[in-house]
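Undergrad: Predicted model and sequence follow; I will ask about them next.
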Amino acid sequence: MADLLSILPQQLVFGVTLGMVYGLIALGYTMVYGVLFMINFAHGDVFMIGAYMGWAVLVAVIDAKVMPINPLLVVPLMMLPAMLFAGVIGLGLERLAYRPLYLRGATRLGPLISAIGASIFLQNSVMLTEGARMKVLATYRVFPRDWRFDILGVNVSVLVLVIAGIAGIMMWGLNALVQRTTLGRSMRAVAEDREIAAVMGVNVWGVVATTFFVGSALGGAAGVLVGLYYTQIDFFMGYSAGLKAFTAAVLGGIGNIRGAMLGGLILGIVESLASTLINPAFKDAISFAVLILVLVFRPGGILGEALPDWKRV
Amino acid sequence: MRELGQRWRRPFHGSLAVLCLLIPVVVPNDYVMGVIARICLYAVLALGLNIVVGFAGLLDLGYVAFFGIGSYVYAFLASPQFGLHLPFIVALPIVILATAISGILIGAPTLRLRGDYLAIVTLGFGEITYIMLINLDRPINITGGPSGIIRIDPPSFLGFALERNDQYYYLFLLLLGLALLASKRLRDSRIGWAWQAIREDELAAQAMGVNTTRAKLQAFAMGASFAGIGGSLLASWQRSVFPDNFLFTESVNILAMVILGGMGNLLAVILGAAVIVALPEIFRDFQLYRLFAFGLMLMVLMIFRPNGLMSFEAKPPREEAEPQGELAAEPDPGASSR
Amino acid sequence: MLRLEKIMTYYGSIAALKDVSLEIGKGEVVCLLGGNASGKSTTMKTVLGLVKPRSGSVTFAGERIDGLDTQAIVSKGISLVPEARRLFGRMTVWENLAMGAYTRRDRPPAEFEEDVARVYGLFPRLKERRDQYAGTLSGGEQQMVAISRALMARPQLLLMDEPSMGLAPVFVDQVFDIIQTINRQGTTILVVEQNASVALSIAHRGYVLQNGRIVMADSAAALLRADGVRRAYLGEA
């Protein structure tokens, strides 16, 4: 028992970091749900693609044999192409797999099934091009294992700090974008009342596309971070990460951006604690149980859904 | 499938039935019989999911959970795992009961959920089931863990145990026939109408006095019990069950069978099962590309026939005139109220 | 400035507007009267491109707009004060105004400030409430925001969909006074209303819609006197 208690702070730190990453992925779900009221089932796979992009860049960097490898350069170098590529994939999904359905008046089940198809398609595209075996990231070439230090008595690795830092910056950036820019306002307007937003002159489909791009780019970023931390990635990783991130989004209140961040944090901590205190094999089951409990008993999530008012203001 | 005139229906179905009975006579080998038997098994599953998704409009993404529960319960009843060796005829009703109950248990939390959320919750239950199956071998060995349960008894009737695939085929065919009959009866019954009403517009159905709670639970229970039958067939045929038989991809497969066939036409659903099971066999060399093509197909299908799958798409937006270039009218908040 | 000619708009197979023709000249206040389900809102939606007519034409400032997207139509200088306000409740008053100015977002910021000042001049109360969430305002205040939001776009044509709906009578008078003021400042206005008397009191001309058809068209004064106007409301289906 004393053993458990002693590693608890460590696990908490890990849980917070994990939670921030979940939050990043969850943002993509919640933003898309906010504008289109659909669950982008393929979002987890965009995250996976980001991870693969990051891996590819890291391999290229290491092969180029530039020593010493400076993490300040390498991490952005991994993240930018990953985010861009993920964002473009997101744009493609919106334009090719979802928009045609909405223009023809499809109801919710059609887009969801198309999303499932897209998810399978993306997973297998990666499997066919990169092979079914997992890829390993040589994270420790960039972040040596002994590069850790003590903060408030907890021994934390620099890698964890970097991950938490990047995730934090991105979330702050998104919040600033949404709250303070014209683009952000137009996104909120479309999410709240699509028709009136159009009447204000907003290019609604343009905003939807932008939402997909930004949400997917964030998911791609999360992919790079996860790849760096766990050092191994495979084409199926998007599935469970996606479900958990979706849980986080719902937990915080679907459509609510701050909710997604909060939900991510909570889920990360809960999962980390649960796997320490209870059997780690069941940690996924616990996430799903959380999801089911939230959806059944408090579908609005903690901060409340940010869905359009069906009663007009 | 084209609608045949009423006069030709009976003879058509009759000849179909006779053809099915004669299949083992014309089919060359045991392997091919095995594929055909597998088609029948999955057809039962597809018909079961068709009740939930096609009739009642409840998008269940975790249907494989019932399949797994059915298989494992059968394994509990007819293998060395617990020392029980009940005959098929006795075990089957027990499995059906067990899966029906699990259907109610899993369906109950979903009653008030919107379409997408219902899908995700059922998906979650499917995953939880898988995790249970793979992990409940400690501290007490219930499910046999990742290595599953083996040495399950084959079905035996009057001392005669099934061995060859064509024998299994007749058993599967019999159960498929019963499942088909049951589906038809259900569809044309009062509960069937209730399901359709719920599928089209749940609020309106409630307003008309339909007890939507009971109807939805019945849909889950019926669908699950079909999966229980399928599970029993799988367990007694494969003579073993493993957790990896019951992954999410299997739920998607079965859903695809319902979608492909999904004109509300029961025979078409069976055809869908045949296509999904047989295609990988025909294109063995392209196994690697199977899922890739499958994913692509789902997307394309939804684009070109999004409302054409009439067994579970609601009518196009009710009020607005054609808003081309503009987004379609706000979808109502899904079929469920809260 | 705005002309509808022989508009036929359908919802599915039901004709909501049958052969509707009307005209609004620059600087006028024209009202479109009718009871429920007469087609008033459909007319608005047709002008804005939210629904497309099956036949007929909509011309604005000499240009045909009936095939265009809503966003394009609005950019040409038409603004809407929607029925039941439809503010962005989760945004502040100021943010709603900013959204109203969306079509002018590339203009110099000084113009935005001018427009905000003008709007606060019309509705001083809004200045106090600028950082309040629009969803928390009273009905009358929301109407002020809705009108201001539409004005932020410096529209040449302002469409108002049932501005009196849900407002206490004293507010209704205030609102219509403001509408008259806005018109005198140079904006052409089309008001769709059920409350015929107050609408006609500030309008130059009016049309009466019944079951999707224009049944009367005349100067406001003439309409106020006409029996038909009374009949059009009592005889409503």
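TA: Everything's here; your move. Note that the structure is predicted; figures quoted are calculated from it, not measured.
Undergrad: Just the helices from chain C, written as ranges.
TA: For chain C, the helices defined by DSSP state H cover C:40-48, C:70-75, C:93-100, C:109-122, C:124-128, C:139-151, C:169-184, C:196-202, C:220-225, C:227-234.
Undergrad: Output those helices in a markdown table, with mean neighbour count, mean pLDDT and distance to C:L159 appended to each entry.
TA: Glycine gets a C-beta too; all of them are placed from N, C-alpha and C. Shown next, in a markdown table, are the helices of chain C (neighbours: other C-beta atoms under 10 Å in any protein chain shown; pLDDT from 0 to 100; distance: least, C-beta to C-beta, whole Å):
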| stretch | mean neighbour count | mean pLDDT | distance to C:L159 |
| --- | --- | --- | --- |
| helix C:40-48 | 24 | 88 | 6 |
| helix C:70-75 | 21 | 91 | 10 |
| helix C:93-100 | 24 | 92 | 13 |
| helix C:109-122 | 14 | 90 | 18 |
| helix C:124-128 | 14 | 88 | 21 |
| helix C:139-151 | 23 | 90 | 8 |
| helix C:169-184 | 16 | 87 | 12 |
| helix C:196-202 | 19 | 84 | 13 |
| helix C:220-225 | 16 | 78 | 18 |
| helix C:227-234 | 14 | 57 | 21 |
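Undergrad: Low-confidence ranges, the stretch 101-250 of chain B, go.
TA: Scanning the stretch 101-250 of chain B for pLDDT under 70 picks out nothing.
Undergrad: ranges for the strands of it?
TA: B:149-150, B:156-157, B:160-161, B:240-241 (DSSP state E, counting those that start in this stretch).
Undergrad: so what does the last one touch, helix or strand wise?
TA: Helices and strands in packing contact with strand B:240-241 are listed as helix B:64-77, strand B:149-150; criterion 3 or more C-beta pairs under 8 Å, 6 or more residues apart in numbering or on different chains; DSSP states H and E.
Undergrad: hmm, who's touching that strand?
TA: Here strand B:240-241 makes contact (C-beta atoms under 8 Å, 6 or more residues apart in numbering or on different chains) with B:G68, B:S71, B:Y72, B:Y74, B:A75, B:G148, B:I149, B:I150, B:R151, B:I152, B:L234, B:A235.
Undergrad: and it, which strands flank it?
TA: strand B:149-150 (antiparallel) (DSSP bridges).
Undergrad: Tell me which residues are up against the partner strand.
TA: For strand B:149-150, the external contacting residues (C-beta under 8 Å, 6+ apart) are B:Y72, B:A75, B:F76, B:S79, B:Q81, B:T143, B:G144, B:R239, B:S240, B:V241.
Undergrad: Pull up the gap between the nearest residue to the fourth one once chain neighbours are set aside and chain C, please.
TA: Nearest in space to B:S79, with sequence neighbours left out and distances taken as C-beta to C-beta, 6 or more residues apart in numbering or on different chains, is B:I152 at 4.3 Å. Relative to chain C, B:I152 is positioned 56 Å away (C-beta to the nearest C-beta, to the nearest Å).
Undergrad: phi, psi of B:I152?
TA: Backbone geometry at B:I152, expressed as degrees, to the nearest 10, gives phi -80, psi 140.
Undergrad: Against A:R133, how distant is A:F121?
TA: 20 Å (C-beta to C-beta, to the nearest Å).
Undergrad: who's more crowded, these two?
TA: A:F121 (24 against 10; other C-beta atoms under 10 Å in any protein chain shown).
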